[in-house]
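Q: need a structure here:
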Amino acid sequence: MTYRLFEEKHHATLYQKYRLTPPNEVKELVLQYLDKKKGPPHELAVDLGCGTGQNTRLFAPHFQKLVGIDVSEQQVQEARAIPGLDNITYRAGTAEELPFPDGSVDLLTAASAAHWFNAERFLKEADRVLKPSGCMALLGYTEHFSLHHGSCGDRLKNIYAEVMKALMPYRNTRVAVANSKLEDLFKAIPFPDKERIECIPVKMQMSINAALGLVETFSMYQTYLRTEPQAATALLESAKMRLLEEMGVSSPDTEMEVSTDYYCVLACKPH
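A: Modelled structure (predicted):
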């Protein structure tokens, strides 16, 4: 089954504005793994579930050609509208049916997307299109974020936790796969050469608006918004006012420190 939850134009616009770009330490981890297992040349990388292209643009400078693929045409259109490197191509499609010849891809990536794939069909297709010693890198973060500002401490974390609790009834079961850091998908990868890095701590500066904008991109918030639009809008508005009050500031552009953990599944096709 291909999940189709991110296709509305407004949702795609939110993705482009607020979705996180993976940190450089994760990118370097992936590139070092590829260099170690396969080595140059790095000709073709494919970014699956590319959304609006944050991860695609991150890896593009390191490959002769990079193709971003997403099931949502609206997401692809948003990605194409962003000025970028001329070696990037975006196209609509799924991770389970890839338009590439056998043994033609150096690296398959998926950032905060692999939990939506049909694992059996995706892994079969990955085995087909990867070159000998080609690699896959499936990365992401869980929905567990910690917010910090001055001496506010746990009060900001509690506000975020209450928002997530309100959204929990609308959470798709596939999100649990992401929160497990792709444990079952990792076990299903048929390549003997594989590893899973479960905790890559990341800290970033993020405004109140950006943090709540990120929550807006979550599939469970969008489901809540479709089901109870007034309540969903009120939830984030209330959270904004509470964050402003706790931080003792008047502008939602005020930044706070946001901490989370990335994970990364790496695997190399046998030579």
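Q: tell me how far Ser180 lies from Gly140.
A: According to Cβ to Cβ, to the nearest Å, Ser180 stands 11 Å off from Gly140. (Glycine included, C-beta is placed from N, CA and C.)
Q: which of these two has more neighbours?
A: Using other Cβ atoms under 10 Å as the criterion, Ser180 and Gly140 rank with Gly140 on top: 24 against 15.
Q: show the pLDDT at the more buried one.
A: pLDDT, Gly140: 91.
Q: quick check: the residue positioned nearest the centre of the chain vs Cys135, distance?
A: In the chain, the residue lying closest to the centroid (Cα atoms, centre = their mean) is Ser112, at 2.6 Å. Distance, Ser112 to Cys135, by Cβ to Cβ: 19 Å.
Q: poorly predicted segments of this protein, please.
A: 1-19, 174-179 (pLDDT under 70).
Q: show me where it has helices.
A: 9-18, 24-37, 54-59, 73-80, 119-129, 154-167, 174-179, 183-188, 208-217, 219-227, 229-247 (DSSP state H).
Q: just checking, what packs against the longest one?
A: Meaning helix 229-247. Applying 3 or more Cβ pairs under 8 Å, 6 or more residues apart in numbering; DSSP states H and E, one finds that helix 229-247 makes contact with helix 154-167, helix 208-217, helix 219-227.
Q: mind running it again at 6 Å?
A: When contacts are defined as 3 or more Cβ pairs under 6 Å, 6 or more residues apart in numbering; DSSP states H and E, helix 229-247 packs onto helix 154-167, helix 208-217.
Q: and Asp70, which of those is closest to it?
A: Nearest to Asp70 among the helices and strands packed on helix 229-247 is helix 208-217; the distance by Cβ to Cβ comes to 14.0 Å.
Q: can I get the closest one in PDB, CA atoms only?
A: C-alpha atoms of helix 208-217 as PDB (Å, rounded to 0.1, in the frame of the first residue of the first chain):
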ATOM      1  CA  ILE A 208       8.000  29.700  18.000                       C
ATOM      2  CA  ASN A 209       6.300  30.100  14.600                       C
ATOM      3  CA  ALA A 210       8.700  27.600  12.900                       C
ATOM      4  CA  ALA A 211       8.200  25.000  15.700                       C
ATOM      5  CA  LEU A 212       4.400  25.200  15.500                       C
ATOM      6  CA  GLY A 213       4.700  25.300  11.700                       C
ATOM      7  CA  LEU A 214       6.600  22.000  11.900                       C
ATOM      8  CA  VAL A 215       3.800  20.500  13.900                       C
ATOM      9  CA  GLU A 216       1.400  21.700  11.200                       C
ATOM     10  CA  THR A 217       3.300  19.500   8.700                       C
END
